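S.K.: Whatever this is, show me its structure:
(2 chains)
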There are 2 protein chains.
Amino acid sequence: MVVTLIGTGNLGTNLHHALSQAGHEVVWLHGRSFAPEDVRGEVVLISVKDDAIADVAARLGGASQLVAHTSGTTDVNVLPQRRRGVLYPMQTFSKQRLVDFAEIPVFLEAADAEDVQLLELLARSVSRCVHRLDSPSRRHLHLAAVFACNFVNHCYDLSAEALREVGLPFEVMLPLIDETARKVHSIPPRQAQTGPAVRFDEGVIRRHEDMLTGRAKELYRLMSTSIYLMHNS
Amino acid sequence: MVVTLIGTGNLGTNLHHALSQAGHEVVWLHGRSFAPEDVRGEVVLISVKDDAIADVAARLGGASQLVAHTSGTTDVNVLPQRRRGVLYPMQTFSKQRLVDFAEIPVFLEAADAEDVQLLELLARSVSRCVHRLDSPSRRHLHLAAVFACNFVNHCYDLSAEALREVGLPFEVMLPLIDETARKVHSIPPRQAQTGPAVRFDEGVIRRHEDMLTGRAKELYRLMSTSIYLMHNS
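M.R.: Predicted structure coming up:
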(Lines give C-alpha, C1' and ligand atoms only; values in the text may rest on other atoms or scores of the structure.)
Protein backbone atom coordinates (compact mmCIF):
# COMPACT_ATOMS: atom_id res chain seq x y z
CA MET A 1 0.00 0.00 0.00
CA VAL A 2 1.09 3.59 -0.50
CA VAL A 3 0.54 5.53 2.72
CA THR A 4 1.20 9.16 3.59
CA LEU A 5 2.21 9.55 7.22
CA ILE A 6 2.11 13.07 8.65
CA GLY A 7 3.99 13.53 11.94
CA THR A 8 7.54 12.85 13.07
CA GLY A 9 7.07 12.57 16.85
CA ASN A 10 7.36 9.46 19.02
CA LEU A 11 4.39 7.64 17.47
CA GLY A 12 5.10 8.93 13.95
CA THR A 13 8.66 7.62 14.13
CA ASN A 14 7.50 4.21 15.36
CA LEU A 15 4.68 4.03 12.80
CA HIS A 16 7.06 4.93 9.97
CA HIS A 17 9.33 2.09 11.03
CA ALA A 18 6.52 -0.47 11.39
CA LEU A 19 4.79 0.43 8.10
CA SER A 20 8.07 0.41 6.16
CA GLN A 21 9.01 -2.94 7.71
CA ALA A 22 5.62 -4.32 6.62
CA GLY A 23 6.50 -3.43 3.04
CA HIS A 24 4.38 -0.34 2.53
CA GLU A 25 5.63 2.68 0.60
CA VAL A 26 5.50 5.46 3.17
CA VAL A 27 5.54 9.16 2.26
CA TRP A 28 6.68 10.66 5.55
CA LEU A 29 5.90 14.35 6.10
CA HIS A 30 6.38 16.92 8.87
CA GLY A 31 3.15 18.06 10.53
CA ARG A 32 4.13 21.73 10.50
CA SER A 33 5.60 22.10 7.06
CA PHE A 34 4.06 19.58 4.65
CA ALA A 35 2.69 20.68 1.30
CA PRO A 36 -0.71 19.18 0.36
CA GLU A 37 0.68 18.26 -3.09
CA ASP A 38 3.17 15.86 -1.45
CA VAL A 39 0.33 13.70 -0.15
CA ARG A 40 -0.01 10.38 -1.99
CA GLY A 41 -1.51 6.91 -1.63
CA GLU A 42 -4.72 5.34 -0.44
CA VAL A 43 -4.51 6.32 3.21
CA VAL A 44 -3.28 9.47 4.94
CA LEU A 45 -2.36 8.98 8.61
CA ILE A 46 -2.22 12.10 10.79
CA SER A 47 0.03 11.40 13.76
CA VAL A 48 0.48 14.77 15.45
CA LYS A 49 -0.32 16.26 18.89
CA ASP A 50 -4.10 16.15 19.54
CA ASP A 51 -4.47 19.92 19.48
CA ALA A 52 -2.93 20.04 15.97
CA ILE A 53 -5.01 17.30 14.28
CA ALA A 54 -7.85 19.57 13.13
CA ASP A 55 -5.41 22.08 11.64
CA VAL A 56 -3.46 19.44 9.71
CA ALA A 57 -6.73 17.91 8.47
CA ALA A 58 -7.99 21.30 7.31
CA ARG A 59 -4.80 21.82 5.29
CA LEU A 60 -5.45 18.48 3.51
CA GLY A 61 -8.73 19.92 2.24
CA GLY A 62 -11.14 17.66 0.35
CA ALA A 63 -8.70 14.76 -0.03
CA SER A 64 -10.03 11.83 -2.03
CA GLN A 65 -8.07 9.38 0.15
CA LEU A 66 -9.10 7.99 3.50
CA VAL A 67 -7.79 10.41 6.15
CA ALA A 68 -7.28 8.87 9.60
CA HIS A 69 -5.72 10.18 12.79
CA THR A 70 -3.91 8.01 15.34
CA SER A 71 -5.07 9.58 18.60
CA GLY A 72 -6.65 7.73 21.51
CA THR A 73 -8.67 10.65 22.69
CA THR A 74 -9.72 12.79 19.72
CA ASP A 75 -13.11 12.19 18.10
CA VAL A 76 -13.13 10.94 14.50
CA ASN A 77 -15.41 13.86 13.64
CA VAL A 78 -12.73 16.52 14.06
CA LEU A 79 -11.68 15.39 10.59
CA PRO A 80 -13.70 17.32 7.98
CA GLN A 81 -13.14 14.75 5.21
CA ARG A 82 -16.01 12.53 4.11
CA ARG A 83 -13.66 9.51 4.18
CA ARG A 84 -12.40 9.81 7.77
CA GLY A 85 -11.22 7.31 10.31
CA VAL A 86 -9.02 6.50 13.30
CA LEU A 87 -6.18 4.03 13.71
CA TYR A 88 -5.05 4.12 17.37
CA PRO A 89 -2.13 1.91 18.39
CA MET A 90 -2.24 1.74 22.19
CA GLN A 91 1.36 1.78 23.38
CA THR A 92 3.97 4.09 24.90
CA PHE A 93 6.26 5.28 22.13
CA SER A 94 9.66 6.93 22.31
CA LYS A 95 11.80 7.86 19.32
CA GLN A 96 14.87 6.18 20.82
CA ARG A 97 13.04 2.87 21.28
CA LEU A 98 11.41 1.21 18.26
CA VAL A 99 8.84 -1.25 19.59
CA ASP A 100 7.57 -4.47 18.02
CA PHE A 101 4.16 -3.55 16.61
CA ALA A 102 2.96 -7.16 16.35
CA GLU A 103 1.76 -7.26 19.97
CA ILE A 104 0.30 -3.76 20.09
CA PRO A 105 -3.50 -3.58 20.23
CA VAL A 106 -4.75 -1.30 17.45
CA PHE A 107 -8.24 0.21 17.70
CA LEU A 108 -9.92 1.55 14.58
CA GLU A 109 -13.06 3.12 13.22
CA ALA A 110 -14.14 4.85 10.03
CA ALA A 111 -17.25 6.65 8.85
CA ASP A 112 -17.55 4.33 5.85
CA ALA A 113 -17.81 0.50 6.01
CA GLU A 114 -15.34 0.00 3.14
CA ASP A 115 -12.89 2.32 4.83
CA VAL A 116 -13.09 0.22 8.01
CA GLN A 117 -11.94 -2.73 5.89
CA LEU A 118 -9.13 -0.68 4.36
CA LEU A 119 -7.91 0.44 7.80
CA GLU A 120 -8.21 -3.12 9.07
CA LEU A 121 -6.06 -4.37 6.22
CA LEU A 122 -3.42 -1.74 7.03
CA ALA A 123 -3.59 -2.40 10.79
CA ARG A 124 -3.35 -6.19 10.37
CA SER A 125 -0.23 -5.77 8.28
CA VAL A 126 1.58 -4.47 11.40
CA SER A 127 -0.33 -5.92 14.38
CA ARG A 128 -1.91 -9.21 15.41
CA CYS A 129 -4.41 -7.47 17.75
CA VAL A 130 -6.84 -5.30 15.79
CA HIS A 131 -10.17 -4.19 17.28
CA ARG A 132 -12.99 -1.91 16.15
CA LEU A 133 -13.99 0.78 18.65
CA ASP A 134 -16.03 3.98 18.37
CA SER A 135 -14.79 7.40 19.51
CA PRO A 136 -16.57 7.62 22.91
CA SER A 137 -15.32 4.17 23.96
CA ARG A 138 -11.82 4.91 22.66
CA ARG A 139 -11.73 8.01 24.88
CA HIS A 140 -12.32 5.82 27.95
CA LEU A 141 -9.71 3.38 26.71
CA HIS A 142 -7.20 6.20 26.38
CA LEU A 143 -7.96 7.41 29.90
CA ALA A 144 -7.35 3.85 31.12
CA ALA A 145 -4.02 3.86 29.24
CA VAL A 146 -2.98 7.12 30.94
CA PHE A 147 -3.46 5.43 34.34
CA ALA A 148 -1.75 2.16 33.33
CA CYS A 149 1.20 3.79 31.59
CA ASN A 150 1.80 7.53 32.09
CA PHE A 151 0.88 7.58 35.79
CA VAL A 152 2.66 4.27 36.39
CA ASN A 153 5.82 5.69 34.83
CA HIS A 154 5.53 8.76 37.03
CA CYS A 155 5.36 6.45 40.07
CA TYR A 156 8.59 4.84 38.81
CA ASP A 157 10.07 8.34 38.61
CA LEU A 158 9.04 9.21 42.18
CA SER A 159 10.50 5.88 43.27
CA ALA A 160 13.78 6.79 41.58
CA GLU A 161 13.79 10.08 43.52
CA ALA A 162 13.37 8.27 46.85
CA LEU A 163 16.25 5.95 45.92
CA ARG A 164 18.53 8.87 45.00
CA GLU A 165 18.03 10.21 48.55
CA VAL A 166 20.05 7.27 49.85
CA GLY A 167 22.33 6.75 46.85
CA LEU A 168 20.73 3.50 45.63
CA PRO A 169 20.57 2.85 41.86
CA PHE A 170 17.14 2.60 40.19
CA GLU A 171 18.10 -0.90 38.99
CA VAL A 172 17.43 -2.42 42.44
CA MET A 173 13.75 -1.69 41.79
CA LEU A 174 13.49 -3.58 38.48
CA PRO A 175 12.64 -7.06 39.87
CA LEU A 176 9.79 -5.51 41.89
CA ILE A 177 8.58 -3.47 38.91
CA ASP A 178 8.62 -6.56 36.69
CA GLU A 179 6.77 -8.75 39.19
CA THR A 180 4.16 -6.03 39.80
CA ALA A 181 3.45 -5.98 36.04
CA ARG A 182 3.59 -9.79 35.66
CA LYS A 183 1.27 -10.33 38.62
CA VAL A 184 -1.73 -8.66 36.98
CA HIS A 185 -1.50 -11.12 34.09
CA SER A 186 -2.99 -13.73 36.41
CA ILE A 187 -4.48 -11.82 39.38
CA PRO A 188 -6.83 -8.81 38.91
CA PRO A 189 -5.19 -5.61 40.27
CA ARG A 190 -7.80 -5.28 43.03
CA GLN A 191 -6.70 -8.64 44.50
CA ALA A 192 -3.02 -8.09 43.69
CA GLN A 193 -2.85 -4.97 45.91
CA THR A 194 -0.32 -5.16 48.76
CA GLY A 195 1.43 -2.61 50.96
CA PRO A 196 0.79 -0.42 54.01
CA ALA A 197 -2.25 1.40 52.59
CA VAL A 198 -4.38 -1.70 51.96
CA ARG A 199 -3.42 -3.08 55.40
CA PHE A 200 -3.93 0.42 56.85
CA ASP A 201 -0.61 0.21 58.65
CA GLU A 202 -0.81 3.67 60.23
CA GLY A 203 2.70 3.69 61.69
CA VAL A 204 4.29 2.94 58.31
CA ILE A 205 2.14 5.46 56.47
CA ARG A 206 3.03 8.18 58.98
CA ARG A 207 6.77 7.41 58.76
CA HIS A 208 6.60 7.52 54.94
CA GLU A 209 4.79 10.84 54.97
CA ASP A 210 7.46 12.26 57.27
CA MET A 211 10.08 11.48 54.62
CA LEU A 212 8.21 13.37 51.88
CA THR A 213 7.47 17.00 51.11
CA GLY A 214 5.35 18.99 48.67
CA ARG A 215 3.51 17.28 45.83
CA ALA A 216 5.09 13.87 46.46
CA LYS A 217 3.67 13.95 50.01
CA GLU A 218 0.25 15.01 48.69
CA LEU A 219 0.32 12.20 46.11
CA TYR A 220 1.34 9.68 48.77
CA ARG A 221 -1.63 10.68 50.93
CA LEU A 222 -4.18 10.67 48.15
CA MET A 223 -2.93 7.33 46.78
CA SER A 224 -2.98 5.71 50.22
CA THR A 225 -6.50 6.99 50.97
CA SER A 226 -7.71 5.85 47.57
CA ILE A 227 -6.24 2.36 48.05
CA TYR A 228 -7.61 2.05 51.57
CA LEU A 229 -11.14 3.17 50.66
CA MET A 230 -11.25 1.00 47.55
CA HIS A 231 -10.55 -2.03 49.71
CA ASN A 232 -12.58 -1.12 52.79
CA SER A 233 -15.89 0.32 51.63
CA MET B 1 20.02 -24.49 58.89
CA VAL B 2 17.18 -24.73 61.36
CA VAL B 3 15.05 -21.58 61.19
CA THR B 4 11.95 -20.55 63.09
CA LEU B 5 9.64 -18.46 60.93
CA ILE B 6 6.89 -16.55 62.73
CA GLY B 7 4.09 -15.26 60.51
CA THR B 8 1.75 -16.86 58.00
CA GLY B 9 0.81 -13.88 55.84
CA ASN B 10 1.78 -13.19 52.22
CA LEU B 11 5.51 -12.82 52.91
CA GLY B 12 5.56 -15.55 55.57
CA THR B 13 3.98 -18.00 53.14
CA ASN B 14 6.47 -17.16 50.39
CA LEU B 15 9.44 -17.25 52.80
CA HIS B 16 8.36 -20.63 54.13
CA HIS B 17 8.27 -21.97 50.59
CA ALA B 18 11.65 -20.49 49.61
CA LEU B 19 13.48 -21.57 52.80
CA SER B 20 12.06 -25.09 52.62
CA GLN B 21 13.00 -25.34 48.92
CA ALA B 22 16.55 -24.27 49.83
CA GLY B 23 16.76 -27.26 52.18
CA HIS B 24 16.38 -25.53 55.54
CA GLU B 25 14.34 -27.05 58.34
CA VAL B 26 11.65 -24.45 58.98
CA VAL B 27 9.60 -24.31 62.17
CA TRP B 28 6.61 -22.29 60.99
CA LEU B 29 4.54 -20.56 63.66
CA HIS B 30 1.52 -18.26 63.79
CA GLY B 31 2.29 -14.70 64.93
CA ARG B 32 -0.72 -14.52 67.23
CA SER B 33 -0.63 -17.90 68.90
CA PHE B 34 2.94 -19.23 68.98
CA ALA B 35 4.42 -20.54 72.23
CA PRO B 36 8.01 -19.38 72.95
CA GLU B 37 8.98 -23.01 73.73
CA ASP B 38 8.25 -23.96 70.07
CA VAL B 39 11.05 -21.68 68.84
CA ARG B 40 14.12 -23.58 67.61
CA GLY B 41 17.19 -23.13 65.43
CA GLU B 42 19.89 -20.53 64.85
CA VAL B 43 17.70 -17.80 63.41
CA VAL B 44 14.21 -16.60 64.28
CA LEU B 45 12.51 -14.64 61.49
CA ILE B 46 9.58 -12.42 62.47
CA SER B 47 7.40 -11.86 59.42
CA VAL B 48 4.29 -10.14 60.75
CA LYS B 49 2.56 -6.77 60.21
CA ASP B 50 4.87 -3.90 61.20
CA ASP B 51 2.70 -2.85 64.14
CA ALA B 52 2.96 -6.37 65.62
CA ILE B 53 6.74 -6.90 65.38
CA ALA B 54 7.60 -5.38 68.77
CA ASP B 55 4.93 -7.46 70.49
CA VAL B 56 6.08 -10.74 68.91
CA ALA B 57 9.73 -9.91 69.74
CA ALA B 58 8.81 -9.15 73.36
CA ARG B 59 7.14 -12.57 73.68
CA LEU B 60 10.40 -14.19 72.50
CA GLY B 61 12.14 -12.70 75.54
CA GLY B 62 15.88 -13.04 75.87
CA ALA B 63 16.29 -15.53 73.02
CA SER B 64 19.82 -16.81 72.51
CA GLN B 65 19.28 -17.04 68.75
CA LEU B 66 19.57 -14.26 66.24
CA VAL B 67 16.13 -12.61 65.99
CA ALA B 68 15.45 -10.76 62.72
CA HIS B 69 12.35 -9.15 61.28
CA THR B 70 11.59 -8.94 57.55
CA SER B 71 10.11 -5.45 57.30
CA GLY B 72 11.23 -2.74 54.91
CA THR B 73 10.25 0.09 57.15
CA THR B 74 10.70 -0.92 60.81
CA ASP B 75 13.94 -0.07 62.57
CA VAL B 76 16.13 -2.97 63.71
CA ASN B 77 16.10 -1.46 67.20
CA VAL B 78 12.45 -2.27 67.87
CA LEU B 79 13.81 -5.75 68.61
CA PRO B 80 14.88 -5.91 72.29
CA GLN B 81 17.24 -8.88 71.75
CA ARG B 82 20.99 -8.34 71.88
CA ARG B 83 21.36 -10.47 68.71
CA ARG B 84 18.96 -8.59 66.42
CA GLY B 85 18.82 -8.09 62.67
CA VAL B 86 16.74 -7.49 59.56
CA LEU B 87 16.29 -9.58 56.43
CA TYR B 88 14.09 -7.62 54.01
CA PRO B 89 13.18 -9.26 50.69
CA MET B 90 11.91 -6.46 48.45
CA GLN B 91 9.05 -7.89 46.44
CA THR B 92 5.24 -7.94 46.26
CA PHE B 93 4.02 -11.17 47.81
CA SER B 94 0.63 -12.84 47.63
CA LYS B 95 -0.25 -16.19 49.18
CA GLN B 96 -1.77 -17.47 45.94
CA ARG B 97 1.39 -16.73 43.96
CA LEU B 98 4.70 -18.25 45.07
CA VAL B 99 7.49 -16.20 43.49
CA ASP B 100 10.99 -17.26 42.53
CA PHE B 101 13.20 -15.87 45.30
CA ALA B 102 16.43 -16.12 43.28
CA GLU B 103 15.89 -12.72 41.60
CA ILE B 104 14.56 -10.89 44.65
CA PRO B 105 16.91 -8.29 46.16
CA VAL B 106 17.35 -9.00 49.86
CA PHE B 107 18.59 -6.22 52.18
CA LEU B 108 20.03 -7.12 55.55
CA GLU B 109 21.62 -5.72 58.68
CA ALA B 110 22.44 -6.97 62.17
CA ALA B 111 23.80 -5.43 65.35
CA ASP B 112 26.64 -7.95 65.46
CA ALA B 113 29.20 -8.56 62.66
CA GLU B 114 28.99 -12.35 62.98
CA ASP B 115 25.21 -12.16 62.77
CA VAL B 116 25.51 -10.18 59.52
CA GLN B 117 27.42 -13.16 58.13
CA LEU B 118 24.84 -15.60 59.42
CA LEU B 119 22.00 -13.62 57.82
CA GLU B 120 24.01 -13.30 54.61
CA LEU B 121 24.47 -17.08 54.49
CA LEU B 122 20.74 -17.57 54.95
CA ALA B 123 19.83 -14.86 52.40
CA ARG B 124 22.27 -16.19 49.78
CA SER B 125 20.72 -19.64 50.08
CA VAL B 126 17.51 -18.23 48.56
CA SER B 127 18.57 -15.15 46.54
CA ARG B 128 21.33 -14.13 44.15
CA CYS B 129 20.98 -10.40 45.07
CA VAL B 130 21.94 -9.78 48.69
CA HIS B 131 22.86 -6.29 49.94
CA ARG B 132 23.69 -4.79 53.33
CA LEU B 133 21.66 -1.71 54.25
CA ASP B 134 21.05 0.12 57.53
CA SER B 135 17.60 0.95 58.91
CA PRO B 136 17.34 4.63 57.82
CA SER B 137 18.34 3.80 54.23
CA ARG B 138 16.04 0.79 54.18
CA ARG B 139 13.13 3.05 55.14
CA HIS B 140 13.77 5.17 52.03
CA LEU B 141 14.08 2.02 49.95
CA HIS B 142 10.72 0.82 51.25
CA LEU B 143 9.12 4.16 50.42
CA ALA B 144 10.53 3.84 46.89
CA ALA B 145 9.03 0.33 46.70
CA VAL B 146 5.60 1.65 47.69
CA PHE B 147 5.71 4.05 44.74
CA ALA B 148 7.06 1.47 42.28
CA CYS B 149 4.73 -1.33 43.32
CA ASN B 150 1.73 -0.49 45.52
CA PHE B 151 0.89 2.81 43.82
CA VAL B 152 1.62 1.36 40.38
CA ASN B 153 -0.80 -1.50 41.09
CA HIS B 154 -3.43 1.01 42.20
CA CYS B 155 -2.99 2.80 38.86
CA TYR B 156 -3.62 -0.57 37.16
CA ASP B 157 -6.77 -0.87 39.26
CA LEU B 158 -8.01 2.60 38.28
CA SER B 159 -7.25 1.69 34.68
CA ALA B 160 -9.37 -1.46 35.03
CA GLU B 161 -12.23 0.71 36.33
CA ALA B 162 -12.06 3.00 33.29
CA LEU B 163 -12.13 -0.07 31.02
CA ARG B 164 -15.16 -1.52 32.81
CA GLU B 165 -17.06 1.69 31.98
CA VAL B 166 -17.00 0.66 28.32
CA GLY B 167 -17.03 -3.12 28.77
CA LEU B 168 -13.42 -3.73 27.70
CA PRO B 169 -11.45 -6.52 29.41
CA PHE B 170 -8.37 -5.59 31.48
CA GLU B 171 -6.31 -7.89 29.23
CA VAL B 172 -6.21 -5.27 26.42
CA MET B 173 -3.99 -3.21 28.73
CA LEU B 174 -1.31 -5.88 29.32
CA PRO B 175 0.95 -5.13 26.31
CA LEU B 176 1.07 -1.47 27.40
CA ILE B 177 1.70 -2.40 31.04
CA ASP B 178 4.51 -4.75 30.02
CA GLU B 179 6.20 -2.24 27.71
CA THR B 180 5.94 0.51 30.36
CA ALA B 181 7.82 -1.76 32.79
CA ARG B 182 10.32 -3.00 30.17
CA LYS B 183 11.08 0.53 29.00
CA VAL B 184 12.62 1.65 32.29
CA HIS B 185 15.15 -1.18 32.04
CA SER B 186 16.93 0.87 29.39
CA ILE B 187 15.56 4.44 29.68
CA PRO B 188 15.35 6.30 33.04
CA PRO B 189 11.69 6.97 33.98
CA ARG B 190 12.16 10.74 33.66
CA GLN B 191 13.02 10.33 29.96
CA ALA B 192 10.54 7.51 29.41
CA GLN B 193 7.58 9.73 30.36
CA THR B 194 4.93 10.12 27.65
CA GLY B 195 1.28 11.19 27.58
CA PRO B 196 -0.86 14.33 27.70
CA ALA B 197 0.52 15.69 31.00
CA VAL B 198 4.16 15.88 29.89
CA ARG B 199 3.10 17.44 26.56
CA PHE B 200 0.64 19.64 28.53
CA ASP B 201 -2.12 18.76 26.07
CA GLU B 202 -4.82 20.83 27.79
CA GLY B 203 -7.71 19.65 25.63
CA VAL B 204 -6.99 15.99 26.37
CA ILE B 205 -6.48 16.62 30.09
CA ARG B 206 -9.80 18.48 30.31
CA ARG B 207 -11.69 15.74 28.46
CA HIS B 208 -10.19 13.10 30.75
CA GLU B 209 -11.12 15.05 33.86
CA ASP B 210 -14.69 15.34 32.57
CA MET B 211 -14.91 11.53 32.50
CA LEU B 212 -13.84 11.17 36.15
CA THR B 213 -15.40 11.91 39.52
CA GLY B 214 -14.34 11.96 43.16
CA ARG B 215 -10.91 10.67 44.22
CA ALA B 216 -10.03 9.33 40.76
CA LYS B 217 -10.48 12.85 39.36
CA GLU B 218 -8.40 14.33 42.18
CA LEU B 219 -5.66 11.77 41.56
CA TYR B 220 -5.72 12.46 37.83
CA ARG B 221 -5.23 16.20 38.48
CA LEU B 222 -2.47 15.80 41.01
CA MET B 223 -0.61 13.25 38.88
CA SER B 224 -0.86 15.42 35.76
CA THR B 225 0.35 18.51 37.62
CA SER B 226 3.20 16.55 39.18
CA ILE B 227 4.29 15.15 35.79
CA TYR B 228 4.06 18.53 34.10
CA LEU B 229 6.01 20.40 36.78
CA MET B 230 8.68 17.70 37.01
CA HIS B 231 9.34 18.14 33.29
CA ASN B 232 8.93 21.89 33.00
CA SER B 233 10.61 23.51 35.98
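
S.K.: Scan the helices and strands of chain A for the one with the lowest mean pLDDT.
M.R.: Ranking every helix and strand in chain A by mean pLDDT, DSSP states H and E puts helix A:196-199 at the bottom, with a mean of 89.

S.K.: Residue A:175: helix or strand, and which one exactly?
M.R.: helix A:174-183 (DSSP states H and E).

S.K.: Wondering if that helix reaches chain B at all.
M.R.: Yes: applying C-beta under 8 Å from any C-beta of the partner chain, one finds helix A:174-183 in contact with chain B at A:174, A:175, A:176, A:177, A:178, A:179, A:180, A:181, A:183. From N, CA and C alone the C-beta is placed, and that goes for glycine too.

S.K.: Name the residues that touch the least confident helix or strand of chain A?
M.R.: When contacts are defined by C-beta atoms under 8 Å, 6 or more residues apart in numbering or on different chains, helix A:196-199 is touched by residues A:204-205, A:208, A:223-225, A:227-228, A:231, B:49-50, B:73, B:146, B:150, B:154.

S.K.: same deal with stretch A:50-62?
M.R.: Defining contact as C-beta under 8 Å, 6+ apart, one finds that stretch A:50-62 is touched by A:6, A:31, A:34, A:36, A:39, A:44, A:46, A:48, A:67, A:69, A:71, A:73-74, A:78-82, B:196, B:201-204.

S.K.: Which among those count as buried?
M.R.: Buried members of the contacts of stretch A:50-62, scored by 16 or more other C-beta atoms under 10 Å in any protein chain shown, are A:6, A:31, A:34, A:39, A:44, A:46, A:48, A:67, A:69, A:71, A:73-74, A:78-79, A:81, B:196, B:201, B:204.

S.K.: what's residue A:85 sitting at in phi/psi?
M.R.: phi -160, psi -180 (degrees, to the nearest 10).

S.K.: For the nearest residue to it once chain neighbours are set aside, give its distance to chain B.
M.R.: Spatial nearest neighbour of residue A:85, excluding adjacent residues (C-beta to C-beta, 6 or more residues apart in numbering or on different chains): residue A:110 at 3.3 Å. Using C-beta to the nearest C-beta, to the nearest Å, residue A:110 is found at 19 Å from chain B.

S.K.: Counting neighbours, which of the residues of helix A:174-183 next to chain B end up buried?
M.R.: A:174, A:175, A:176, A:177, A:178, A:179, A:180, A:181, A:183.

S.K.: what would those look like in a markdown table with pLDDT?
M.R.: Listed next are those as a markdown table, based on pLDDT from 0 to 100:
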| residue | pLDDT |
| --- | --- |
| A:174 | 97 |
| A:175 | 96 |
| A:176 | 96 |
| A:177 | 98 |
| A:178 | 97 |
| A:179 | 95 |
| A:180 | 97 |
| A:181 | 98 |
| A:183 | 96 |
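
S.K.: pretty sure residue A:187 contacts residue B:92?
M.R.: No: between residue A:187 and residue B:92 there is no contact under C-beta atoms under 8 Å: 10.3 Å.

S.K.: which of these two has more neighbours?
M.R.: Using other C-beta atoms under 10 Å in any protein chain shown as the criterion, residue A:187 and residue B:92 rank with residue B:92 on top: 25 against 15.

S.K.: before we move on, back to that, closest one of the residues of helix A:174-183 next to chain B to residue B:10?
M.R.: For the residues of helix A:174-183 next to chain B, the closest approach to residue B:10 (C-beta to C-beta) belongs to residue A:183, at 11.7 Å.

S.K.: and that closest one, what does it touch?
M.R.: For residue A:183, the contact set (C-beta under 8 Å, 6+ apart) comprises A:192, B:92, B:94, B:97, B:153.

S.K.: at 10 Å what do you get?
M.R.: A:189, A:191, A:192, A:194, B:92, B:93, B:94, B:97, B:99, B:149, B:153, B:156 (C-beta atoms under 10 Å, 6 or more residues apart in numbering or on different chains).

S.K.: Now do the residue nearest to the third one when sequence neighbours are not counted against residue A:150, distance only.
M.R.: If the residues on either side of it in the chain are set aside, residue A:192 comes closest to residue A:183, at 4.9 Å by C-beta to C-beta, 6+ apart. Counting by C-beta to C-beta, to the nearest Å, the gap between residue A:183 and residue A:150 amounts to 20 Å.

S.K.: Now do the residue sitting furthest away from the middle of chain A against residue B:225, distance only.
M.R.: Ranked by distance from the centre of chain A (C-alpha atoms, centre = their mean), the top residue is residue A:203, with 37.3 Å. Separation of residue A:203 from residue B:225 (C-beta to C-beta): 29 Å.

S.K.: Go through chain A and flag its longest helix.
M.R.: helix A:214-231 (DSSP state H).

S.K.: for that one, packing partners?
M.R.: helix A:152-165, helix A:189-192, helix A:196-199, helix A:202-211, helix B:152-165, helix B:214-231 (3 or more C-beta pairs under 10 Å, 6 or more residues apart in numbering or on different chains; DSSP states H and E).
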